[in-house]
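Undergrad: Sequence and predicted structure below; questions after.
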Amino acid sequence: MLTVHHLTKTFGAVLALSEVSFAVKTGEVMTVIGPSGCGKSTLLSIIAGLDTPDSGDVHWNDQSLAGAPTHERGFGLMFQDYALFPHMSAGDNVAFGLSGNDKHRTASEILERVGLAGFEKRDVQTLSGGEQQRVALARALAPRPRLLMLDEPLGALDRALREQLTGELRALLREFGQTAIYVTHDQQEAFGIADTVMVMNGGRVEQTGNPESVYRCPANEWVRRFLGPGRLIEGRVERGADGEIGISTTIGTWPLPPHEWSAPIGGEIILLLRAEGVRKK
Ligand code: ADP
Ligand code: MG
């Protein structure tokens, strides 16, 4: 399990990370979402050991990784610009980080699992963007890293392909039981792939939680705005004539979902109403 403790990193006057702490459990997929420049890539670089923090620490199973070089951390990285070796076949690209006599067989198997059966001999330069992205994923998965970090891996693809691959990536990461940190500025991707979503802003963690709770109960005004438009409606918890507890507002009385909040009768509540939550009668 990965734990990150109070990471702070500055570049001159820029505070890229400020007291960032979180944990990723084995097999968990955490997505990190936030606007460009909020510190996502800096965070991955420090976890990978490509950069050092000003303060704070990264642990694997309660052991500090301070001073451990990148190649000894057992982590995999995948970036937006795939960085495939251009003059090599898809199979050689995937086999590159492997050792042993059966590395090409392993590469073929992984290519098959990412939907590229029979692509071993293809020159990667002849592949489409989506196919190249799959080769890059196969290459990242092949050594079975104990943590895979993906930095905007679908960022260079068009929207339709991105949506399709989001679903495929989610299924693959689950199938491999792959522990992963997935960085994106795209909400659909972040919420489509995550077990846990961490929202960042200006180097700070604004909120961490499961996708539904983050979407439905933003921790603060900034997260609410970042996650899309919605109207805030003031209400009050009341017990109706039928004994049911509801939230009384200027646009009617709404049932109070029993598990989500505990509010006393008479308590003031703010409802967040999003467009997709509204149906025409
Ligand atoms: P993100 O990946 O969320 O877009 P980054 O982690 O790349 O954000 O950057 C966070 C902030 O740190 C930005 O303001 C960026 O300009 C700055 N930064 C990142 N790397 C460097 C660097 N090597 N030198 C100077 N500033 C940097
Ligand atoms: Mg980045």
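TA: Structure's in. What do you need? Ligands and ions are numbered 1, 2, ... in the order given.

Undergrad: Spatially nearest residue to residue 46, not counting backbone neighbours?
TA: Leaving aside its chain neighbours, residue 46 sits nearest to residue 53 (5.2 Å; criterion: CB to CB, 6 or more residues apart in numbering). To be clear about C-beta, it is placed using only N, CA and C from the backbone, and glycine gets the same treatment.

Undergrad: Residue 10 too?
TA: That would be residue 54: by CB to CB, 6+ apart, it lies 5.8 Å from residue 10.

Undergrad: Was I right to think that neighbour contacts residue 8?
TA: Yes - under the criterion of CB atoms under 8 Å, residue 54 makes contact with residue 8 at 5.1 Å.

Undergrad: what's the next secondary structure element after the longest helix along the chain?
TA: Using DSSP state H, we find that the single longest helix of the chain is helix 159-175. Next along the chain after helix 159-175, taking DSSP states H and E as the criterion, comes strand 180-184.

Undergrad: hmm, back to that, how distant is the longest helix of the chain from the center of its chain?
TA: Centroid displacement of helix 159-175 relative to its chain, using CA atoms, centre = their mean, to the nearest Å, is 12 Å.

Undergrad: Flag every buried residue along it.
TA: 162, 165-166, 169-170, 172-173 (16 or more other CB atoms under 10 Å).

Undergrad: nearest residue to residue 250 other than its sequence neighbours?
TA: residue 233 (7.2 Å).

Undergrad: Tell me the secondary structure at the one you found.
TA: The three-state assignment at residue 233 reads strand, by DSSP: H, G, I helix; E, B strand; the rest coil.

Undergrad: Might one say that it is in contact with residue 251?
TA: Yes - look at residue 233 against residue 251 with CB under 8 Å: they come within range, at 6.6 Å.

Undergrad: Now the common contact residues for these two.
TA: By CB atoms under 8 Å, 6 or more residues apart in numbering, residue 233 and residue 251 have no common neighbours.
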